[in-house]
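Chemist: Task: produce atomic coordinates for the following.
(one chain, ligands or ions: 1)
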Amino acid sequence: MIEQPSALITGASRGIGRAIALEMANRGYAVGVNYVRSKARADEVVEQIIAAGGLAVALQGNVGLPGGRDSIIARTLEEFGRLDLLVNNAGITSPGRKDLLEATEENWDLVFDTNLKGPFFLAQRAANEMVSLIKAGSIPRGTIVNVSSISAYAVSTNRVDYCIAKAGVQMMTWLLASRLAEERIRVYEICPGVISSDMTAPVTEKYDKLIAEGLSPIRRWGQPEDVARAVATVASDAFPFSTGDRINVDGGFHIRQL
Ligand SMILES: NC(=O)c1ccc[n+]([C@@H]2O[C@H](COP(=O)([O-])OP(=O)(O)OC[C@H]3O[C@@H](n4cnc5c(N)ncnc54)[C@H](OP(=O)(O)O)[C@@H]3O)[C@@H](O)[C@H]2O)c1
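Modeler: Down below sits the predicted model:
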């Protein structure tokens, strides 16, 4: 077993997950860099971490499938012998961004499997491993961080599956936080606003305009690093008496205005 803490970051080949992986490596974590398709990009993240003197491994696996979840947890433990932090970051937008009246069950199932069911059962699996590691004295405590979205409460009628799944992530966080407190595992929800990544690239113009018009009090695009710093902070010892919290990383988007 390695001496440093270890983190499994889902969807870490690109965007927000990549920034979280780099940030956690910077803070001394050995990092499992999960991806589903982008092997070359995940390998690049791993190489960057290793070049900076860190420890990382690329882990292929679809979080929406039981076999994918089993494999990435098993490989993290094989590689590092411990799991201190799970970041449920992997996610997809609603395919085709279809209007509510055209939304399909097929897309719903895909989005829910990836963005809600997968993260829950991955957290369940990780929590069971953390409980055993804590009982054995191998790790002091555990942390689970779930990446949701402002879409958890702001409607987009062309992404109903995404919005409903992200709304579910808040309840999932509360449930996990409530049950796992007694196991010495703290659970947080990070709620990003509009963040520059491949996911938002197709709607750049729309968001450029909205941001310029004051969509959020802080008038700029969020960067993946903004989210990564929030994740690293809740995973640290900065909030020892807090669990289940939603941390907004949205430039103040959540503030209602008159
Ligand atoms: N960008 C935003 O404005 C924004 C705002 C709020 C919330 N979020 C949330 O933040 C998270 C990251 O978003 P992003 O903008 O960084 O997205 P992104 O740039 O599209 O990257 C998505 C990442 O998730 C991985 N992934 C997708 N499906 C997966 C699966 N089934 N199993 C494992 N990995 C999978 C991708 O792996 P491959 O590279 O292998 O495909 C990639 O690493 C998502 O949960 C998203 O909903 C994003």
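
Chemist: for this structure, what's the longest helix?
Modeler: For the chain, the helix with the greatest residue count under DSSP state H is helix 160-180.

Chemist: Using PDB, write out every CA atom in the helix or strand following it.
Modeler: Downstream of helix 160-180, the next assigned helix or strand under DSSP states H and E is strand 185-192. Taking C-alpha atoms only, strand 185-192 is exported to PDB below (Å, rounded to 0.1, in the frame of the first residue of the first chain):
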ATOM      1  CA  ILE A 185     -16.800   9.300   5.200                       C
ATOM      2  CA  ARG A 186     -17.800  12.900   4.300                       C
ATOM      3  CA  VAL A 187     -19.800  13.600   1.100                       C
ATOM      4  CA  TYR A 188     -20.100  16.900  -0.800                       C
ATOM      5  CA  GLU A 189     -21.800  18.200  -3.900                       C
ATOM      6  CA  ILE A 190     -19.900  20.600  -6.200                       C
ATOM      7  CA  CYS A 191     -22.400  22.500  -8.300                       C
ATOM      8  CA  PRO A 192     -20.600  24.100 -11.300                       C
END
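
Chemist: In strand 185-192, which residues are buried?
Modeler: Ile185, Arg186, Val187, Tyr188, Glu189, Ile190, Cys191, Pro192 (16 or more other C-beta atoms under 10 Å). All C-beta spots, glycine's among them, are computed from the backbone N, C-alpha and C.

Chemist: So what touches that strand?
Modeler: 16, 123, 127, 130-131, 134, 141-150, 152, 169-170, 173, 176-177, 180, 222, 226-227, 230-231, 234, 239, 242-250, 254 (C-beta atoms under 8 Å, 6 or more residues apart in numbering).

Chemist: ok, back up a step: show me what the longest helix of the chain is packed against.
Modeler: The helices and strands touching helix 160-180, judged by 3 or more C-beta pairs under 8 Å, 6 or more residues apart in numbering; DSSP states H and E, are helix 105-112, helix 118-135, strand 142-147, strand 185-192.

Chemist: Kindly reformat the buried residues of strand 185-192 as TSV and extend each row with pLDDT.
Modeler: Output for those, formatted as TSV (pLDDT from 0 to 100):
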residue	pLDDT
Ile185	99
Arg186	99
Val187	99
Tyr188	99
Glu189	99
Ile190	99
Cys191	99
Pro192	98
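
Chemist: what stretches of the stretch 51-200 of the chain score poorly on pLDDT?
Modeler: Counting by pLDDT under 70, the stretch 51-200 of the chain shows no low-confidence range.

Chemist: What's the local residue count around whichever residue of it sits closest to the ligand?
Modeler: The minimum distance from the stretch 51-200 of the chain to the ligand, using C-beta to the nearest ligand atom, falls at Gly91 (2.3 Å). If you count neighbours by other C-beta atoms under 10 Å, Gly91 ends up with 25.

Chemist: Without its sequence neighbours, what residue ends up closest to it?
Modeler: Asn115 (4.8 Å; C-beta to C-beta, 6 or more residues apart in numbering).
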